[in-house]
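Undergrad: Predicted coordinates and the sequence they were generated for:
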Amino acid sequence: MTTVFRRSLFASTAVGLLAGPALAQELTVWAWDPNFNGAAMEAAAAAYQEAGHPDFVLDYQEFAREEIEQKLQTQLAAGTMDGLPDIVLIEDYSAQKFLLSFPGAFQPLTDVIDYSGFADYKVALATVDGETYSMPFDSGVTGLFYRSDLIEQAGFTAEDMQDLTWDRFIEIGEAVTEATGTPMISLDIDDPGLFVVMLQSTGSWFFNEDGSLNIEGNEDFRAALADYQQILQSDMWKPVNSWAEYQASLAGDVASTVTGVWITGTIKAAEMPGQWAVAPIPRVEEAANGTNYSNLGGSSWYVLNSSDDKELVYDFLNTVWGSDVDFYQDILVGQGAVGSLLAAREGDAYQTSDDYFGGQPVWQDFSSWLGQVPAVDYGIFTYEVRSAIASNLPALADGGDLDEAIGNIAAEAAVLTQ
Amino acid sequence: MAQTRLGRNENAAGWAFVMPALALIGLFMIYPILWSLWMSFQTGRGMNTTFGGFGNIQRLFADPIFLTALGNTLIFLAIQVPIMIMLALVFAVMLNNPRLKGRGLFRTAIFLPAVTSLVAYSILFKSIFSNEGLATQVVAFFGGPQIAWLAEPFWAKVVIILAITWRWTGYNMIFYLAALQNIDRSIYEAARIDGVPARAQFFRITIPMLKPVILFTTIISTIGTLQLFDEVQNITQGGPSNATLTLSQYIYNLTFRFMPSFGYAATVSYVIVVLVAVLSTVQFWVARDRR
């Protein structure tokens, strides 16, 4: 990759020297997933070229999500814009943090994009003081992806996987693990993503409306953490140490996973057609408003104020991301990207069934679940609280007291969110 | 008088020669140090900061994560540095034996880790100690339990200590080897003639003769361990349960991973400065010449 990058850098420098300002048709974009958002952005560039802009060049640069955030944070803090891209992908959990910490770094798009055509919650996530900054991209609507063949082998049917509670899911999981020898799920003890999914499915979050912590005394938080502790203490999970190991585990090492729809690209990359199916996620039974729907991740494109060709950025975003319904069908089927453009939901691809998932109309399912995801305000400190939660999970796995853990989480979160 | 004028001229010339270096040191060392001291009194989020007096210092003492990081760093220091110094000393004495065959090969082998990149070897250790890694399989092969090295707080600390010991023992050994070659052979000869056993030679001659170098390596290793970052960042990310979080990594998290608190991060970095100063003073005091 480095060689390719260096070669293209060399080529673009050489062309730049020769052609000078004529190269204004190039945009640089940072994103993090070659199977998903990176591929979707490249598809968007191809669509833009076909739409009468043959000279358009996309310089797609890939970094891990954390690296993108850290690079942005370092450069914006230092006040140097050299080397920053025109467009950057930011995860929804971090959007408010960047918009509030670095006023003026991002370009408001309120007058450029017609936000009435996008899902409201995505627009709200990128709005600060009445200005909206993002081109809304994907939703992280969650599903329970499971191996239909293994579930069947353990004596369960697709119907058994519908409308589950976490208690029932653990029962099934332990039975599947015992019958097939394949663990039900893989978990990274340092990554509380699954717990975050469970919490949002109850309609609750880490913070109150005024931004203060809502951890101690939050019944939903306690109920979700109690279920999560049960999972940690069960025998149905395989430990992984990194995101890469987690992704690799989906290619045959586990019988299911609960995560965002964006994992579809990874699951399809395993090339096991007909062996996978999708159901709504299990529900936190003890929570007052527990649902079978939640969200994990999801991200949007942001334009940096330092971009030197904003007209091109606006035209590119509006032409493809803002209105091209066909493009959204392509990235849905190809990358599993459930976009936020409402008009795209009427397209053909959303109606079709998918043979990879045994002929299930997965996209219709996901878009109907999307409408039922409880909306929460992520605030600006999601990763701080996640880190406080992660640091108390090993104790819970060892059978530690739930209320003591909640107290510790709240104490650590209070320091980190000062 | 002519001589004084010459002296003054020499002085002026001397200052002219050191001026460029001084200016650069001032700009890139002294100015940032003073600036970070000023920053450590700022509070606020991101670029919106205000003067906060001693607010950051109060925050330190009420911060359970800071105290965990401090505790971890001191544990690494207290366990790893003595083990490494002893190992390096033993290796150096063994490899200094002129009758040993293949000395060059062993010396190279033990020093080689010191030239590998910190990140590269950390990634290697991470894969060796992963759930299907070599170390896990070797332990299982000899009938040991299935150890989740990186998921258990205790074992994660062990992995970090193993990693830094592997990386830095050879580096310290080189200092001892050099120092050993400067010890006059006739001292050992005299000891042998007087019938001093080998072990007593080691404790009564070698160690006292090496004392300045031992002090030097101990201080260097102490400072290095207090600044430990690359290994934990790449092997465990500070986890599980912050069991391997170090002060440097906490500074990094406060600055780059979380909502940036530059002021508080600067305060934590001054904790390291104070620790280095205090520990170095203590080590000098312990190793002082008693007459």
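TA: Sure, I can see it. Residues are numbered from 1 along each chain as shown, chains lettered A, B, ... in the order given.

Undergrad: now for the least confident helix or strand in chain B by mean pLDDT, which elements pack on it?
TA: Least confident helix or strand, chain B: strand B:48-51 with a mean of 79, by mean pLDDT, DSSP states H and E. If contacts are counted by 3 or more Cβ pairs under 8 Å, 6 or more residues apart in numbering or on different chains; DSSP states H and E, strand B:48-51 sits against strand B:42-45. All C-beta spots, glycine's among them, are computed from the backbone N, C-alpha and C.

Undergrad: Pull the strand it packs on out as CSV, backbone CA atoms only.
TA: Extracted as CSV, the C-alpha positions of strand B:42-45 are listed here (Å, rounded to 0.1, in the frame of the first residue of the first chain):
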residue,chain,number,x,y,z
GLN,B,42,-4.9,26.0,32.3
THR,B,43,-8.2,24.2,32.4
GLY,B,44,-10.9,23.7,29.7
ARG,B,45,-11.8,21.7,26.7
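
Undergrad: Not counting its neighbours along the chain, what's nearest the closest residue to chain A within the stretch 1-150 of chain B?
TA: With Cβ to the nearest Cβ, the shortest gap between the stretch 1-150 of chain B and chain A falls at B:Gly46, namely 2.8 Å. Leaving aside its sequence neighbours, B:Gly46 sits nearest to A:Ser101 (Cβ to Cβ, 6 or more residues apart in numbering or on different chains; 2.8 Å).

Undergrad: how much space between that neighbour and B:Val158?
TA: Using Cβ to Cβ, to the nearest Å, one gets 38 Å for the distance from A:Ser101 to B:Val158.

Undergrad: try A:Gly347
TA: For A:Gly347, the distance to B:Val158 equals 55 Å [Cβ to Cβ].

Undergrad: more crowded one of the two?
TA: Neighbour count, other Cβ atoms under 10 Å in any protein chain shown: between A:Gly347 and B:Val158, A:Gly347 has more, with 19 against 15.

Undergrad: Is that one in contact with A:Ile331, as I believe?
TA: No - using Cβ atoms under 8 Å, A:Gly347 is not in contact with A:Ile331, being 11.1 Å away.

Undergrad: just for the chain, where's the confidence low?
TA: Looking at chain A here, since you left the chain open. Scanning chain A for pLDDT under 70 picks out the ranges A:1-24.

Undergrad: wait, I meant chain B there
TA: Applying pLDDT under 70 to chain B flags the ranges B:1-4, B:6, B:291.

Undergrad: sorry, back to before: list the contacts for the residue nearest to B:Gly46?
TA: A:73, A:76, B:45-48, B:259-260 (Cβ atoms under 8 Å, 6 or more residues apart in numbering or on different chains).

Undergrad: Could you check how far it is from A:Ser234?
TA: Distance from A:Ser101 to A:Ser234, by Cβ to Cβ: 40 Å.

Undergrad: Repeat that for B:Asn48.
TA: Applying Cβ to Cβ, the value for B:Asn48 to A:Ser234 is 45 Å.

Undergrad: Compare neighbour counts for those two and give me the winner.
TA: Set B:Asn48 next to A:Ser234 and count neighbours by other Cβ under 10 Å: A:Ser234 wins out with 17 against 11.

Undergrad: okay, which residue is most central for the chain?
TA: Since you didn't name a chain, this refers to chain A. Geometric centre of chain A, nearest residue: A:Gly297, 2.8 Å, by Cα atoms, centre = their mean.

Undergrad: Chain B, not that one
TA: Most central in chain B (Cα atoms, centre = their mean) works out to B:Gly224, at 1.8 Å.

Undergrad: Which residue, other than its chain neighbours, is closest to that residue?
TA: Nearest one to B:Gly224, counting by Cβ to Cβ, 6+ apart, is B:Trp168 at 7.1 Å.

Undergrad: The spatially closest residue to A:Val284 that is not a sequence neighbour: which element?
TA: Distances taken as Cβ to Cβ, 6+ apart place A:Gly290 nearest to A:Val284, at 4.4 Å, with adjacent residues excluded. Using DSSP states H and E, A:Gly290 maps to neither a helix nor a strand.

Undergrad: Dihedrals phi and psi, A:Gly290?
TA: Backbone torsions for A:Gly290, taken as degrees, to the nearest 10, come to phi -60, psi 130.

Undergrad: give the contact list for it.
TA: Contact analysis of A:Gly290 by Cβ under 8 Å, 6+ apart lists A:201-202, A:223, A:283-284.

Undergrad: cool, A:Ile406 as well?
TA: Counting by Cβ under 8 Å, 6+ apart, the residues that A:Ile406 touches are A:215-216, A:221-222, A:225.

Undergrad: So which of the residues you listed wins on neighbours?
TA: Counting neighbours by other Cβ under 10 Å, the top entry in these is A:Leu225, with 26 neighbours.

Undergrad: and it, helix, strand or coil?
TA: Following DSSP: H, G, I helix; E, B strand; the rest coil, A:Leu225 is assigned to helix.

Undergrad: Is it in contact with A:Leu396, as I believe?
TA: Yes - if you go by Cβ under 8 Å, A:Leu225 and A:Leu396 touch, sitting 7.5 Å apart.

Undergrad: Pull up the overlap in contacts between the two.
TA: If you check A:Leu225 and A:Leu396 against Cβ under 8 Å, 6+ apart, the residues they both contact are A:402, A:405.

Undergrad: how near is A:Tyr378 to A:Ala255?
TA: To A:Ala255, A:Tyr378 is 31 Å away according to Cβ to Cβ.

Undergrad: Looking at those two, which one has more neighbours?
TA: It is A:Ala255, of A:Tyr378 and A:Ala255, that has more neighbours when counted by other Cβ under 10 Å, with 27 against 22.

Undergrad: From the contacts of A:Ile406, pick out the ones that also neighbour chain B.
TA: Subset of the contacts of A:Ile406 in contact with chain B: empty, counting by Cβ under 8 Å from any Cβ of the partner chain.

Undergrad: Please parse chain A into its domains.
TA: Domain segmentation of chain A under automatic domain parsing yields A:2-140+A:297-346, A:142-296+A:372-416.

Undergrad: Please convert these to a markdown table, extending it with distance to B:Leu67.
TA: Listed next are the domains of chain A as a markdown table, based on distance: least, Cβ to Cβ, whole Å:
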| stretch | distance to B:Leu67 |
| --- | --- |
| domain A:2-140+A:297-346 | 25 |
| domain A:142-296+A:372-416 | 10 |
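
Undergrad: hey, which of those is tucked in deepest?
TA: Highest mean neighbour count of those: domain A:142-296+A:372-416, a mean of 20 (counted as mean count of other Cβ atoms under 10 Å in any protein chain shown).

Undergrad: Run through the residues of the stretch 101-250 of chain B sitting next to chain A.
TA: By the rule Cβ under 8 Å from any Cβ, the part of the stretch 101-250 of chain B lying against chain A is B:126, B:130-131, B:148, B:150-153, B:237, B:239-243.

Undergrad: Now with 10 Å, please.
TA: For the stretch 101-250 of chain B, the contact set with chain A under Cβ under 10 Å from any Cβ of the partner chain comprises B:126-127, B:129-133, B:148-153, B:156, B:235-243, B:245.

Undergrad: So which of these sit within helices?
TA: Here DSSP state H is the test, and those give B:126-127, B:153, B:156, B:235 as lying in helices.

Undergrad: Give me the phi and psi angles of A:Thr54.
TA: If you look again at residue A:54, you'll see it is Pro, not Thr. Dihedral angles (degrees, to the nearest 10) for A:Pro54: phi -60, psi -20.

Undergrad: so where do the helices sit in the stretch 51-200 of chain A?
TA: Using DSSP state H, counting those that start in this stretch, the helices of the stretch 51-200 of chain A run over residues A:65-78, A:92-101, A:120-125, A:148-153, A:166-180, A:193-201.

Undergrad: Let me have these in TSV, extended by distance to A:Asp403.
TA: Below are the helices of the stretch 51-200 of chain A laid out as TSV (distance: least, Cβ to Cβ, whole Å):
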stretch	distance to A:Asp403
helix A:65-78	32
helix A:92-101	26
helix A:120-125	32
helix A:148-153	35
helix A:166-180	19
helix A:193-201	16
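
Undergrad: Kindly list the longest helix within chain B.
TA: Assigned via DSSP H, chain B shows its longest helix as helix B:64-95.
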